[in-house]
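Trainee: below is the structure, and that's it, no one-letter string:
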């Protein structure tokens, strides 16, 4: 497994970027880059279970390993869910179980620097190297579009 880092600067405050990342509606919008109908099911509390699901209800079983509001969110991936059945013990899952996906938000020169670090297996390395930058650009677009809407509505 290899750790990959993706970074983008967004012209919006950390609080807005945080909300765009984890608000149900906008989460579904930016994660559609990975899979149409993507969603997350969780109470969003540190230590809680979270399901990352595609439009068919299949996906990943994880926990929220750490959460610092408007600053840091870490997910620990434990397994898969297919047809409503969770798998955290198969040989396939054990190869990447325990991998992490971390989101860090920092204020830099009045903007937000979003850094995502994730552990990737060789099988998905090329996919994430191609797709994650698109997701980051989508997050930036949503945040900055929201900023323009706010200015227009004042």
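Mentor: Structure received. None of the values given here were measured: they were computed from a predicted structure. Residues are numbered from 1 along each chain as shown.
Trainee: what packs against the longest helix along the chain?
Mentor: If each helix of the chain is counted by residues according to DSSP state H, the longest one is helix 122-153. Other elements packing on helix 122-153 under the criterion 3 or more C-beta pairs under 8 Å, 6 or more residues apart in numbering; DSSP states H and E are strand 2-10, helix 14-22, helix 24-31, strand 111-120. For glycine as for every other residue, the C-beta is placed from the backbone atoms N, C-alpha and C.
Trainee: contacts for stretch 63-79, please.
Mentor: Residues outside stretch 63-79 that contact it (C-beta atoms under 8 Å, 6 or more residues apart in numbering): 14-15, 18, 21-22, 42, 44-50, 60-62, 86-90, 93, 96-106.
Trainee: repeat the analysis, applying 7 Å as the threshold.
Mentor: Applying C-beta atoms under 7 Å, 6 or more residues apart in numbering, the external contacts of stretch 63-79 come out as 14-15, 18, 42, 44-50, 60-62, 86-88, 93, 96-105.
Trainee: go on, stretch 90-103?
Mentor: Looking at stretch 90-103 with C-beta under 7 Å, 6+ apart, the contacting residues turn out to be 1, 21, 65, 72-80, 87-88, 114, 116-119, 121.
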